[in-house]
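Chemist: I'd like to go over a predicted model; first the sequence, then the structure.
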Amino acid sequence: SHEPACLTAPLCCQHGLPKLPLPALKDTMDTYLRCMKHLVTEEQFVKTQNIVKEFGAPGGVGELLQSRLMERRENQANWVYDYWLNDMYLNNRLALPVNSSPAMVFPRQNFRAPIDSLRFAAHLISGVMEYKTLLDARALPVDYARGQLAGTPLCMEQYYRLFTSYRLPGPERDTLVAQESSVMPEPEHIIVACKNQFFVLDVVINFRRLNERDLLTQLDKIVKMADNKEEQLPPIGLLTSDGRTEWAESRKSTNRDSLDMIERCLCLVCLDDASGLELNDTTRAMLMLHGGGEAKNGGNRWYDKPMQFVVGADGCCGVVCEHSPFEGIVLVPSKLVRAASVSELPAPRRLRWKCTPEIHKLLASSADKLQRLVRNLDMNVHKFCDYGKEFIKKQKMSPDAYIQVALQLAYYRPVSTYESASIRRFQEGRVDNIRSATPEALFFVQAMTEGKFSTKKMEMLRDAITAQTKYTILAITGMAIDNHLLGLREIAHEVKMEKPELFKDEVYLISNQFILSTSQVPTTVEMFCCYGPVIPNGYGACYNPQSDHIIFSVSSFHESPQTCSAEFVKCLVQGLQDMRELCDKYRSSSTPTGQRKGRTMEIHTQTETNWQNKTSQRPSDSTKNQQTLPQVLVKTPDQTKVEAQTQTSSQGEFRSFEE
C-alpha cells in the first residue's frame, strides 16, 4: 500500500477495496418486515407480509430484479451509487438551503476591527489552497476505519470532488458536473461574495500562489469595490436559493460568462455583514443555514457550489456544503509556507449580470420564498452538560447507540428514523441508513414511561443498545436494507416493468417518511453541525458527543403543528437524565455479550479515520484569549469524526484540540 499511486486507475481500485456487496433478497425482505412490524397497524402489516411473500416467491418479480441487480454489480464499481445520488439529491426539487445543504458552525470569532475578519478569511483561503495542492498531487493519505473492522482502508474518491464539482440545476433532475482538469489548467480562482456582489479573486498569478498578505490586500480591494453604490447589481445569488426547477428556468436568463466563472471556481468565500442579531448558538446555526434571508445575508451565497466559507463581520463564521458530491471533508494542512509576494496584483473583477425586468421579477419571487423558509425554520441548539460520552463508555455502551436510544425516548412514538452510516469500506461507497427505531428501542421506551426503575428496564436498555449496534454493523458492512430496496425499485423502473406492489404499498411509503433524521458529527473543538428536517412534520437531529457534554442541533418547521424543537430538546434532556439515573441505580458489573472485559464497544457509524499528526496539547493561558483561526474544512452530517485544527494568529504550528 506504500507504492506510488497510479493516477489513471480510480483510487478505490488502487487500494484493492472490495465492491459493495448485494444482500440476499430473503435477508432484506425479512429485515424489512422486522423493521416495520412495530411501526404500523396490524392490518397494514398483514397486508405487507402477503405482498413481501409474493414479491420474494421463487420465480417471482423479486428474483428477476435481484438477478438484474447482480448483473449490474458485476459491471459497475458500485451498483447503488447512481441510484442513490439521484434519489437522495439530484431528483429532489426542494430549495437547497435548510432542506439539503448542511452547515458547520465555527466557534464565534472575536473580530475587533473589520481587517480582522479579512485576515481570518485570507488565512482560510491559504488553508484551502494548501489542501488543494495535496488533492492535485493525489497525495492524500488513505483513511482507515476505526471502531468496528478497524484498519480497513476507506474509499477516498469523494475527497477529489471537493473543488471540482458543481450542482447544475435541471428542470426535472439536477446534474453533478465534474470539471476534468486539462494539461494546462486555467489560473485558479475563488469567488468572493460581498454585499450580494460576486468578485473573481485569482489565487494563482504567473504560476505562483498568492500568500496570505497578498490575499488580504485583494480582499480589502473587494470590500472597497463592493461598497461602491453606483456599481452595485441586484442580488443574483438569491436565485440559487429557490426550488431547483425554478432556478433551472431562471438560469437561462442570466449571464453565461459570469455563471461559467462561478462554476469553475475552487470555492466561495462569503464576506457577510453583521446580522445585528444576538449571536447565540441557535442564531448562528440559523444564519449559517439560510443567511437570514434577503434582508440580511441570504443573497450573499451561491448554493450550487460544494463549499461556501462564511466569514461574518460580527464573528459568525462557518461552512455551508452542497451535499451531493461528498459526505464530508477534513482539511489538515501542514504548516503554511510563506510564499514570496506577487509583485503585480491585478484588481479583482466584479461579475456582471443581465438585469432585465424579468430577472427582477424572478429575484422578488426567490426572495419571498427564502423569507418563508427563514420564518419557518424552528432551530434549537442545546449543550447538554450533565454528562458526555465518558459516562456512557463507563457503562460499557456505545455512545452513538446510547444517544440514538435517547432520541427514540425523546420522540416517544415509534417512527421511521434515519441515521447515516458510512459504506466507504467499498468502492465509491457513500452511505446507507441505520434504522434506529428498533423493536427493542420501542420496548425500552414503553417501559420507561411505566412505574419505577427496575432491573428489567436496565436489561431493556442494554437490549436496545445491542440491537442498535447490530444494525450499525449491518449497515457499515453493506448489508442494510435501504440501498437494496432502492436498487430493486430503480431496476424495475429501468426495465420498464410496472411498479411492483411492494413499492406502492402504504407501509413502504411510511418506511421512507423519516420523521427523525439523525446524524452523529463529533468535532474536536466547540463547533457543531446543523441541518433542516427532511419532511415537513419531521425533526433534524445532529449531535456532537464530547467527553463531558453533548451538543444537540435540533430543527423542525414552525408550520407543522406536530413539531416543536424546544419541546423536543426538553424531552431529550429529561430522557438523558432518566437514562443516567437508571444506569447509576443498576450499574451492572457483568460485561454484556460480545464485549471484552474492560473495553468499551464503540461503534463509529461514519468515516472512521486514524487521524495523523495529533498532539494532545491544550491551549496555554497566554493563547486562550487570542483569536483562533480554524484551518479546516470540517465534516458534514453524514460523517462521524472531525479533526478540527486551529492555528493561533501569533504562532506557526498547528494545535489539535483532541481529548
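Modeler: Cool, the structure landed.

Chemist: Tell me which helix or strand Asp463 sits in.
Modeler: Following DSSP states H and E, one finds Asp463 within helix 455-476.

Chemist: can you state the direction angle for the next helix-or-strand element following that helix and helix 455-476?
Modeler: Later in the chain than helix 455-476, the nearest helix or strand by DSSP H and E is helix 482-494. Here helix 482-494 runs at an angle of 50 degrees relative to helix 455-476 (axes from the mean of the first three to the mean of the last three C-alpha atoms, to 10 degrees).

Chemist: what mean pLDDT does the following helix or strand past helix 482-494 have?
Modeler: Next in sequence after helix 482-494, counting helices and strands by DSSP H and E, comes helix 501-504. Mean pLDDT, helix 501-504: 98.

Chemist: any weak-confidence spans in the stretch 251-400 of the chain?
Modeler: 328-340, 343 (pLDDT under 70).

Chemist: can you do 80?
Modeler: In the predicted model, the stretch 251-400 of the chain carries pLDDT under 80 at residues 327-344.

Chemist: So which elements touch the helix holding Asp463?
Modeler: Packing partners of helix 455-476 (3 or more C-beta pairs under 8 Å, 6 or more residues apart in numbering; DSSP states H and E): helix 399-411, strand 417-422, strand 431-434, helix 439-448, helix 565-585. (Each C-beta comes from the backbone N, C-alpha and C, glycine too.)

Chemist: can I get the CA coordinates of that helix in PDB?
Modeler: Only the C-alpha atoms of helix 455-476 are listed here, as PDB (Å, rounded to 0.1, in the frame of the first residue of the first chain):
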ATOM      1  CA  THR A 455     -33.500  -4.200  36.800                       C
ATOM      2  CA  LYS A 456     -35.800  -5.200  33.900                       C
ATOM      3  CA  LYS A 457     -35.600  -1.700  32.500                       C
ATOM      4  CA  MET A 458     -31.800  -1.800  32.600                       C
ATOM      5  CA  GLU A 459     -31.900  -5.100  30.700                       C
ATOM      6  CA  MET A 460     -34.200  -3.500  28.100                       C
ATOM      7  CA  LEU A 461     -31.800  -0.500  27.700                       C
ATOM      8  CA  ARG A 462     -28.900  -3.000  27.100                       C
ATOM      9  CA  ASP A 463     -31.100  -4.900  24.600                       C
ATOM     10  CA  ALA A 464     -31.900  -1.700  22.800                       C
ATOM     11  CA  ILE A 465     -28.300  -0.700  22.600                       C
ATOM     12  CA  THR A 466     -27.300  -4.200  21.400                       C
ATOM     13  CA  ALA A 467     -29.900  -4.100  18.600                       C
ATOM     14  CA  GLN A 468     -28.800  -0.600  17.500                       C
ATOM     15  CA  THR A 469     -25.200  -1.800  17.500                       C
ATOM     16  CA  LYS A 470     -26.000  -4.900  15.400                       C
ATOM     17  CA  TYR A 471     -27.900  -2.800  12.800                       C
ATOM     18  CA  THR A 472     -25.000  -0.400  12.700                       C
ATOM     19  CA  ILE A 473     -22.600  -3.300  11.800                       C
ATOM     20  CA  LEU A 474     -25.100  -4.500   9.200                       C
ATOM     21  CA  ALA A 475     -25.100  -1.000   7.600                       C
ATOM     22  CA  ILE A 476     -21.400  -0.300   7.600                       C
END
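
Chemist: just how off-centre is that helix within its chain?
Modeler: 25 Å (C-alpha atoms, centre = their mean, to the nearest Å).

Chemist: The stretch 201-350 of the chain: helices as residue ranges?
Modeler: 212-227, 244-251, 256-263, 281-290 (DSSP state H, counting those that start in this stretch).

Chemist: residues of the longest one that come out buried?
Modeler: Burial within helix 212-227, assessed by neighbour count using 16 or more other C-beta atoms under 10 Å, is assigned to Glu212, Asp214, Leu215, Leu216, Thr217, Gln218, Leu219, Ile222, Val223, Met225, Ala226.

Chemist: Was I right to think the second one contacts Glu344?
Modeler: It stands for Asp214. No - here Asp214 does not reach Glu344: they are 10.6 Å apart, not a contact under C-beta atoms under 8 Å.

Chemist: Can you add pLDDT and give the buried residues of helix 212-227 back as JSON lines?
Modeler: Shown next, in JSON lines, are those (pLDDT from 0 to 100):
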{"residue": "Glu212", "pLDDT": "95"}
{"residue": "Asp214", "pLDDT": "96"}
{"residue": "Leu215", "pLDDT": "97"}
{"residue": "Leu216", "pLDDT": "97"}
{"residue": "Thr217", "pLDDT": "97"}
{"residue": "Gln218", "pLDDT": "98"}
{"residue": "Leu219", "pLDDT": "98"}
{"residue": "Ile222", "pLDDT": "98"}
{"residue": "Val223", "pLDDT": "98"}
{"residue": "Met225", "pLDDT": "98"}
{"residue": "Ala226", "pLDDT": "98"}
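
Chemist: what about stretch 167-184, average pLDDT?
Modeler: 83.

Chemist: contacting residues around that stretch?
Modeler: 85-86, 89-91, 96, 136, 161, 164-166, 244-245, 247-249, 251, 263-264, 304-306, 322, 324-325 (C-beta atoms under 8 Å, 6 or more residues apart in numbering).

Chemist: Next, the buried residues of it.
Modeler: With burial defined by 16+ other C-beta under 10 Å, the residues of stretch 167-184 counted as buried are Arg167, Leu168, Pro169, Gly170, Asp174, Leu176.

Chemist: so of those, which ones are in strands?
Modeler: Arg167, Leu168, Leu176 (DSSP state E).

Chemist: so who does the residue lying closest to the last one once chain neighbours are set aside touch?
Modeler: Which is Leu176. Leaving aside its chain neighbours, Leu176 sits nearest to Ser324 (5.4 Å; criterion: C-beta to C-beta, 6 or more residues apart in numbering). Contacts for Ser324 (C-beta under 8 Å, 6+ apart) come out as Leu85, Met88, Tyr89, Leu90, Ser165, Arg167, Asp174, Leu176.

Chemist: Mind doing that once more with 10 Å?
Modeler: Counting by C-beta atoms under 10 Å, 6 or more residues apart in numbering, Ser324 touches 85-86, 88-90, 92, 96, 100-101, 161, 165-167, 174-176, 304, 306, 430.

Chemist: And those, which of them are buried?
Modeler: 85-86, 88-90, 92, 96, 100-101, 161, 165-167, 174, 176, 304, 306, 430.

Chemist: Which of the three states applies to the residue nearest to Pro439 when sequence neighbours are not counted?
Modeler: Excluding its sequence neighbours, the residue lying closest to Pro439 (C-beta to C-beta, 6+ apart) is His38, at 4.9 Å. With DSSP: H, G, I helix; E, B strand; the rest coil as the basis, His38 sits in helix.

Chemist: pLDDT score for His38?
Modeler: Here the pLDDT value assigned to His38 is 96.

Chemist: That one against Phe45, yeah?
Modeler: Yes - contact criterion C-beta atoms under 10 Å: His38 and Phe45 qualify, at 9.0 Å.

Chemist: from the buried residues of stretch 167-184, which is closest to Val521?
Modeler: Proximity of the buried residues of stretch 167-184 to Val521 was ranked by C-beta to C-beta; the top entry is Arg167 with 21.5 Å.

Chemist: Run through the bridge partners of the closest one.
Modeler: On the basis of DSSP bridges, Arg167 is bridged to Leu176.

Chemist: For it, give its distance to Leu176.
Modeler: 6 Å (C-beta to C-beta, to the nearest Å).

Chemist: Same question for Ile191.
Modeler: Going from Ile191 to Leu176 by C-beta to C-beta gives 19 Å.

Chemist: Then Arg462?
Modeler: According to C-beta to C-beta, Arg462 and Leu176 sit 43 Å apart.

Chemist: cool, Leu215 as well?
Modeler: Distance, Leu215 to Leu176, by C-beta to C-beta: 29 Å.

Chemist: Kindly report the same for Gly388.
Modeler: Noted for Gly388: a distance of 37 Å to Leu176, by C-beta to C-beta.
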